[in-house]
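Peer 1: Based on what follows, work out the 3D shape:
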Amino acid sequence: MAPPPAPPSELARLVGVWADGWARARRTAVPLAVPGGFRIEVGQPRHVARYVLPAADPDVLRELVRGIDAPGLWLKVCAPRERIEPLLPPGWQFSEPQYLMTAPLEPPGDLTPPPGYRLTVRHDADGGLIEARIVLDGTDPGARTSRTPHPAPTPRPVRTGSPEAGPEADPEMGPEIPPAASGLAALTGGASGAVPGPRSAVFDMIGTAAGHRRRGLGRLVMAALAARAAAAGATQGVLVASPEGRALYEALGWELRAPVTAAVRPR
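Peer 2: Below is the predicted model:
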């Protein structure tokens, strides 16, 4: 049996936390408040911007899509597809179901990687973005620790976020060594944060590459990110999972808070 949905006010807060953390993790513009939710300027050819809404308000959705006349604009709404699709004009394309999930950040267990692997955890300059990478032992460029590079575009079959957009490799850092597993956590909220409420960590782009699965690497990435986020004062984890990711995170104790429907106006 699915847990009861979060109250509307709490769900709206969680969506604000997730939007802010997702923007930090993807290095996009800060989310802007719009009627019914947020707009994030992404700036990619196939993903110009996204609207993130905590509820399927018919009036808000109809007014919103009436003004969308360009391709590459995404909608993310905390409601099942059967409630969203009748409110959109013909021609919108839907992605697979997604799920908003939360979990308390517990004290970490053993963070020792399996034999043959090395775990590194790095912060960006202001400590707001945490990156965990697991690579084959002896292949991690340990000297490059002054800033957090964009993750290399490696296969991420178990993902938290959507596949519409992702960061590109940073040319200033040189070629990235593909990790066996990796992920990001963006810190947001708290007394000095952009989003009210407890300090949270938004997990994003969690994945394990082909050939390295079923070794506990994804769990280790999550544990390492949670440990560093908790040390920075975060008490809650937030993410949006794919169907495959949902099964992993539920096994780790994450709770479903709302279904998420993603739709795009195609070219």
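Peer 1: what's the helix or strand for the nearest residue to residue 56 once chain neighbours are set aside?
Peer 2: Setting aside the residues directly before and after it, residue 56 is nearest to residue 79 in space (Cβ to Cβ, 6 or more residues apart in numbering), at 3.6 Å. To be clear about C-beta, it is placed using only N, CA and C from the backbone, and glycine gets the same treatment. Assigned by DSSP states H and E, residue 79 belongs to no helix or strand.
Peer 1: got it, and the one 3 residues further on?
Peer 2: Using DSSP H and E, residue 82 maps to helix 81-84.
Peer 1: Which positions in that helix come out as buried?
Peer 2: Neighbour-count burial for helix 81-84, counted by 16 or more other Cβ atoms under 10 Å, picks out 81, 84.
Peer 1: could you give the mean pLDDT of that helix?
Peer 2: Taken as a whole, helix 81-84 has an average pLDDT of 96.
Peer 1: before we move on, back to that, residues contacting the residue nearest to residue 56?
Peer 2: By Cβ atoms under 8 Å, 6 or more residues apart in numbering, the contact set of residue 79 is 55, 56, 258, 259, 261.
Peer 1: So which of those are in helices?
Peer 2: If you go by DSSP state H, the contacts of residue 79 have nothing in helices.
Peer 1: sorry, back to before: quick one: residues in contact with the helix holding residue 82.
Peer 2: So helix 81-84 is contacted by 56, 61, 75, 77, 94, 97, 261, 263 (Cβ under 8 Å, 6+ apart).
Peer 1: at 7 Å instead, please
Peer 2: The contact list for helix 81-84, computed with Cβ atoms under 7 Å, 6 or more residues apart in numbering, reads 56, 77, 94, 261, 263.
Peer 1: Quick check: which element contains the last one?
Peer 2: Taking DSSP H and E as the criterion, the element that holds residue 263 is strand 255-265.
Peer 1: what helices or strands is that strand leaning on?
Peer 2: helix 8-26, strand 73-77, helix 81-84, strand 93-94, strand 98-104 (3 or more Cβ pairs under 7 Å, 6 or more residues apart in numbering; DSSP states H and E).
Peer 1: For those, give me TSV that also has distance to residue 209.
Peer 2: Converted to TSV, the helices and strands packed on strand 255-265 look like this (distance: least, Cβ to Cβ, whole Å):
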stretch	distance to residue 209
helix 8-26	19
strand 73-77	26
helix 81-84	30
strand 93-94	27
strand 98-104	22
